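S.K.: need a 3D model of the following:
(chains A and B)
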Amino acid sequence: MSSLLTDRALLWLGALLYLAGFLTGLVALTRRQASAGQRTILNTFLVGGWCFQMAGLYVRGLAVGGCPLGNTFEIVQFVAWSAMVVYFFVGTAFRVSLLGLFAAGYAAALALVSLLIAPWDAGHGSKLFGNNPWIELHAALAVFSYGVFGLLALTSLMHLLQNWSLRHKRLNGLFWFLPSVVQLDQINSRLLALGVLLLTVSLGVGAAWWLRDSASVDLPKLIVTLGVWFVYLVVGLLRWRARLVAVRFAWVCLVLFFLALLSLGPVNSSRSHQVTLTPER
Amino acid sequence: MESSLPVLFLLGASHHTAPLAVREKLALDEARAATLSTRLQATPGLREFALLNTCNRVEVYGVAPAASVAQLTATLGEITGCTGAELAGVLQTRVGHSVVEHLFAVAAGLDSQLVGEAEILGQVKAAYDGALARHWTGPVLNRVFQKTFQAAKHIRTHTAIGAGQVSVATVAVDLAGRIFGDLATTRVLVVGAGEIGLKTAQAFQSRGAGAITVASRTLANAEATATQTGGWAASLAELPELLAAADIVTCATAAPGHVLTADLVATALKHRPARPLFLIDLALPRDIDPAAAAVANVFLYNLDDLAVIAEGNLARREAEAAKGRAIVAERTAALWPQVAQTLGRGE
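M.R.: Residues are numbered from 1 along each chain as shown, chains lettered A, B, ... in the order given. Here you go, the predicted model:
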């Protein structure tokens, strides 16, 4: 029994529960049944998926002796997990209609893709952070901020859909249940601020150690991470100054997240040369 | 059927049976409704009754021998002033099973002029509560009305008969909710102090819009409309400033040309680029330049756009009504044997 519950098995269970939540939500939506009961079913699947995913990451963490952020598979899983954490807070605080459905689809897609692409999990680092909790915190916060930016991309997508439906007077189906444009815009601004704050703290923690040991700095990773942070910071400032608003703001947040996700590959491959790889179990 | 045995009956008229002119005569004000109730109480053999009196229907639900029911037509004629000939063509009498079916459909909004409207359920509840408080109801009507509320709630929850707004003003308010969410923080500018402007302003007021300003060429007209909506009055000369401060603008003037040009809208948006502007053009010819729709963060809807949405919603409600009627039939079949037993007639 215990051999069946490997980290990957737990992560598969989590991914499948996210998928089940997404599909049941989608069916309810097509039948226009956005009731409290349906929301409870969806949230049950999401909480279940999140628990299994966390258990899987925990088992993987025990195996690698630290936060499991040693390869693309682990990072993508962690991004999906982080997005769900933020969703649980944002969804509860703002009661954003349909965000659960979008979050379920997003988490299911990330988790399943990472599980299906075997090379992403071909090897993983052991003692990746050299028993340094500060570097581990730096990495965890950085990846967590990607989870926030992921949710920001989702709410930006919802903003674009709502804007499109209102402009083209297509107000039925999925569009019927979308939150208001203003509510989505407010959530986008707050998520952007939260993501930038987390990434700033992460970089601050990392910088404190890099200054002491500049030889350990992985330059491509540093450049890409600083680039992502800087662009998000500029976007945040432009939004604050009302220079980048509404649809353009949503588009930028959406595109920027995909670019940030794409940057994970080069960052990870550059770092993987520096870590000790253990064979796949 | 023995005429001395009590039956469950309905006697009344609605928009389905009576033209507007007759409904106007049948409509009971508070005093006449009280008089009718007193007369009903005094009707020999009438064991239970409840009076449903709305703008579109006057219906008496009751339990009495068939012979007593026949007398009630004359009573209704006396109170309303309608002649026997007028009533003969419009009054409907139902007895037994079909009364339950009709009441279920009425309470669920399936029998309403605007299918799916929710107000009727409150009116049926009020009618029943009034009758219950005065001890006009008994075991039969109490059972029927309580089951009616359950059926109506079930139908409204499990079908989409109440989905979407079906009047131009409420569709506009609904759209504003989809742009701004909570309307309490929104500022509404009503351009034009006529009837349409007033109704739209009142629709926004009823949904809790934060502040309403009425602008008109004649300040006195603006003040009159503003008073009725709890808002402020302004002159059209202030339009550029008012536009920059507004979130929702509804235009319904008789002006021959555009009152709001695309340039005026674009200039106003420069002062508040982060906040959307919802423009509602209820005028013919149009008050707002259609080119204003191209300005970023502007949502422009004209009379046709709103009418299409309202008609679409009504069509969807009517399509859903079939599901509602199936539930009514099912629930009536389940309830009727119990009612029949209570009436002492067996199944």
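S.K.: now stretch A:174-182: average pLDDT?
M.R.: Stretch A:174-182 shows a mean pLDDT of 87.
S.K.: quick check, that stretch touching chain B?
M.R.: Yes. Against chain B, stretch A:174-182 shows contacts by CB under 8 Å from any CB of the partner chain at A:178-182. C-betas here are computed from N, CA, C, even on glycine.
S.K.: for A:Gly25, state which of those residues is nearest.
M.R.: Ranked by distance to A:Gly25 (CB to CB), the residues of stretch A:174-182 next to chain B are led by A:Leu178 at 13.6 Å.
S.K.: what's in contact with stretch A:185-200?
M.R.: A:86, A:90, A:94, A:96, A:141-142, A:144-145, A:148-149, A:151-152, A:155-156, A:159, A:225, A:228-229, A:232-233, A:235-236, A:239, A:245-246, A:249-250, A:253, B:274 (CB atoms under 8 Å, 6 or more residues apart in numbering or on different chains).
S.K.: residues in contact with B:Gly344?
M.R.: Contact analysis of B:Gly344 by CB under 8 Å, 6+ apart lists B:5-6.
S.K.: how about it, secondary structure?
M.R.: Secondary structure assignment for B:Gly344 (DSSP: H, G, I helix; E, B strand; the rest coil): coil.
S.K.: only the buried residues of the host helix or strand of B:Val328, if you could.
M.R.: Here B:Val328 sits within helix B:303-342, counting by DSSP states H and E. Applying a neighbour-count criterion of 16 or more other CB atoms under 10 Å in any protein chain shown, one finds B:303, B:305-306, B:309-310, B:312-314, B:316-317, B:320-321, B:324-325, B:327-328, B:331-332, B:335-336, B:339-340, B:342 buried in helix B:303-342.
S.K.: among the contacts of stretch A:185-200, name the buried ones.
M.R.: Buried by 16+ other CB under 10 Å: A:86, A:90, A:94, A:96, A:141-142, A:144-145, A:148-149, A:151-152, A:155-156, A:159, A:225, A:228-229, A:232, A:235-236, A:239, A:245-246, A:249-250, A:253, B:274, out of the contacts of stretch A:185-200.
S.K.: out of those residues, which sit inside strands?
M.R.: Applying DSSP state E to the buried ones among the contacts of stretch A:185-200, no entry is found in strands.
S.K.: count the neighbours of the nearest residue to B:Lys125 once chain neighbours are set aside for me.
M.R.: Closest residue to B:Lys125 apart from its sequence neighbours, by CB to CB, 6 or more residues apart in numbering or on different chains: B:Phe149 at 6.7 Å. Neighbourhood size, B:Phe149 [other CB atoms under 10 Å in any protein chain shown]: 16.
S.K.: need the contact list for B:Phe149.
M.R.: Counting by CB under 8 Å, 6+ apart, B:Phe149 makes contact with B:107, B:121, B:124-125.
S.K.: let me see the contact set for the residue of the stretch 51-200 of chain B found nearest chain A.
M.R.: Using CB to the nearest CB, B:Gly181 is the residue of the stretch 51-200 of chain B that sits closest to chain A, at 3.6 Å. Listed by CB under 8 Å, 6+ apart, the contact partners of B:Gly181 are A:179-180, A:182-183.
S.K.: for it, grab phi and psi.
M.R.: Backbone torsions of B:Gly181, given as degrees, to the nearest 10, read phi 80, psi -110.
S.K.: where's residue 161, which helix or strand?
M.R.: Using chain A. Using DSSP H and E, the element containing A:Leu161 is helix A:133-167.
S.K.: wait, chain B
M.R.: Using DSSP H and E, no helix or strand contains B:Ile161.
S.K.: spatially nearest residue to it (excluding sequence neighbours)?
M.R.: B:Gly116 (3.8 Å).
S.K.: my read: that neighbour touches B:Ala152, true?
M.R.: No. Between B:Gly116 and B:Ala152 there is no contact under CB atoms under 8 Å: 11.3 Å.
S.K.: list residues touching both of these two?
M.R.: In contact with both B:Gly116 and B:Ala152: B:Gly109, using CB under 8 Å, 6+ apart.
S.K.: stretch B:245-265 and chain A, are they touching?
M.R.: No. Shown here: stretch B:245-265 not in contact with chain A (CB under 8 Å from any CB), separated by at least 8.8 Å.
S.K.: let me fix that, I meant to ask about stretch B:286-302.
M.R.: Yes. Interface with chain A: stretch B:286-302 contributes B:293, B:296-297, B:299, B:301 (CB under 8 Å from any CB).
S.K.: can you give me the buried ones in that stretch?
M.R.: For stretch B:286-302, by 16+ other CB under 10 Å, it's B:286-289, B:292-293, B:295, B:297-302.
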